[in-house]
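> Next come a sequence and a model predicted from it.
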Amino acid sequence: MISFQQVNKHYGDFHVLKNINLEVQQGEVVVIVGPSGSGKSTLLRCINRLETISDGKLVVNGITVNEKKTNINELRKNIGMVFQHFNLYPHKTVLQNITLAPIKVLGVEKSEAEKTAMYYLEKVGIPDKAYSFPSQLSGGQQQRVAIARGLAMKPKLMLFDEPTSALDPEMIGEVLDVMKSLAEEGMTMVVVTHEMGFAREVANRIVFMDEGQIVEEGSPKEFFANPKAERAKLFLSRVLNH
Amino acid sequence: MDFIGAYTPGNLSYLLKGLLVTLEVAVISIVLSFIIGSLLGVLRYAKIPLLSKVIAVLVETIRNLPLLLILFFTFFALPEVGIKLEIVTAAIAGLTLFESAMIAEIVRGGLVSIGKGQIEAGRSSGLSYTQTMWHIILPQALKRMIPPLVSQFISLLKDTSLAVVITLPELLHNARGIYNGGNYKIVFPILLLTAIIYFLINYSLSLLARALEKRLDTDRKQGTGLRKIRQNQKQSRPIPESF
């Protein structure tokens, strides 16, 4: 479903992504971990072309992302994205936040879009907030709305860019629970996170990155019990021992 | 000070005539510069190759010139190259040129102030650039633009008085005309009345802006949504049946 082939990315002289090769199959949950500045978010953002790659090949849903003729909006409507800072539209109600893209991009009737929106709001556990504005919600609730907003497009793939990093500790659980049930339903997910518990429990595969490279890749079991790379050992000893 | 001698019907109607010219020039310039300025602001923001650069140079040049110089230019210099404008047209042209540049920057500033995350959220959901601008960025930016826009309109209205140098028969020009006859006892009352007129018009513009801002305010911290708020408003201010 996602295929990185020898992908490189430069910001000027800074080599952000180095020779990335990565395959993600349908229904897989891949969690990307690694120290700050290792290129995790950049890698994720390349998938829906919020970042462009410098060379190599990137294919998502059978579409080559970095070709001039690629219709980017066509590609993006099949990819949901959840951001660290939620990025809900503050001037729209929760319901309007969720229905905007289905109505404008998919051409769904408003009543139909609202029905779908309510279905996903039920799913993330806050149907009573449909007519609230984002500023009236807690961080955890906002992030759950953001997930519902992504799902309402019925995407084939969901991207999560540090979805719990901006949340109060108390609210992290409710967001992870939603993500977990999503994974159980078979959604293909690529998740950048620092939540090792989630990674261990939910991921099919862990990808460890450092300095723009994929240093190690494997099942959560082997990665957490027996990391091979020195850098990964050091990272795990720092994040797990406190 | 001779208030009675100052506020004769003849003088008052002469002031009123000036006021009408002020309003005419101001309103036309406001409308024109709002349209042109918004367009320039959006185009500069959109970072279209070359075009945005050209607009940037244009806007920066005009913004950094005194309005008085521009007014001199449109009235006294343009005829040299064969463009001869009527006094009113020259005033409107000068004001519009200058204010368009100012408004372009206000519009661009409002757009820039909306975080990149909003664009990314819109674009990543499959909305086109135009759709993202129209549904997500502009409505939020517009709200932030209102206060600086209104204060710009207020200074435009006041700046119409600078057109006195090209003998535009506006409010201040006519006020001066009344006491220039040599009767210095009426200087104070006439200028006082003129000041009151300027103040009333501009202050009501400010009030209007504040009301507009309130209506567009969506960053509500309390309550449970727009519908509830609207309901509450209805309850607290019942409309009489005879209305």
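Perfect, I can see it now.
> Poorly predicted segments of the chain, please.
In the absence of a named chain, chain A is used. In the predicted model, chain A carries pLDDT under 70 at residues A:242.
> that's the wrong chain, I wanted chain B
Scanning chain B for pLDDT under 70 picks out the ranges B:217-243.
> report the longest helix in it, please.
Ranked by residue count, the top helix of chain B under DSSP state H comes out as helix B:9-45.
> Now the element after that helix, going C-ward?
helix B:51-63 (DSSP states H and E).
> could you dump that following helix to PDB, C-alpha only?
The C-alpha trace of helix B:51-63 is given here as PDB (Å, rounded to 0.1, in the frame of the first residue of the first chain):
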ATOM      1  CA  LEU B  51       3.400  38.400 -10.000                       C
ATOM      2  CA  SER B  52       3.700  38.300  -6.200                       C
ATOM      3  CA  LYS B  53       7.100  40.000  -6.500                       C
ATOM      4  CA  VAL B  54       5.900  42.700  -8.700                       C
ATOM      5  CA  ILE B  55       3.000  43.400  -6.400                       C
ATOM      6  CA  ALA B  56       5.300  43.400  -3.400                       C
ATOM      7  CA  VAL B  57       7.500  46.100  -5.000                       C
ATOM      8  CA  LEU B  58       4.500  48.200  -6.000                       C
ATOM      9  CA  VAL B  59       2.900  48.000  -2.500                       C
ATOM     10  CA  GLU B  60       6.100  48.700  -0.700                       C
ATOM     11  CA  THR B  61       6.800  51.700  -2.900                       C
ATOM     12  CA  ILE B  62       3.400  53.300  -2.500                       C
ATOM     13  CA  ARG B  63       3.100  52.500   1.200                       C
END
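> Which neighbouring elements make contact with that helix?
Helix B:51-63 is packed against helix B:9-45, helix B:87-112, with contacts defined by 3 or more CB pairs under 8 Å, 6 or more residues apart in numbering or on different chains; DSSP states H and E. Where C-beta positions appear, they are placed from N, C-alpha and C, glycine not excepted.
> Tell me which of those helices is the most buried.
Among the helices and strands packed on helix B:51-63, helix B:87-112 has the highest mean neighbour count (mean count of other CB atoms under 10 Å in any protein chain shown), at a mean of 22.
> Nearest to the spatial middle of chain B, which residue is it?
residue B:153 (1.9 Å; CA atoms, centre = their mean).
> Verify the assumption that that residue is located in a helix.
Yes. Assessed with DSSP: H, G, I helix; E, B strand; the rest coil, residue B:153 lies in a helix.
> Tell me how far it lies from residue B:160.
11 Å (CB to CB, to the nearest Å).
> Same check on residue B:195?
For residue B:195, the distance to residue B:160 (CB to CB) stands at 15 Å.
> between those two, which one's more packed in?
More crowded of residue B:195 and residue B:160, by other CB atoms under 10 Å in any protein chain shown: residue B:160, with 24 against 12.
> which residues sit in contact with that one?
Listed by CB atoms under 8 Å, 6 or more residues apart in numbering or on different chains, the contact set of residue B:160 reads B:22, B:25-26, B:29, B:91, B:95, B:168, B:170-171.
> related to what we said a few turns ago, in TSV, list the helices and strands packed on helix B:51-63 along with distance to residue B:130.
Formatted as TSV, those follow (distance: least, CB to CB, whole Å):
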stretch	distance to residue B:130
helix B:9-45	11
helix B:87-112	14
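> Go through those helices and name the closest to residue B:177.
Set against residue B:177 and scored by CB to CB, the helices and strands packed on helix B:51-63 come closest in helix B:9-45, at 7.1 Å.
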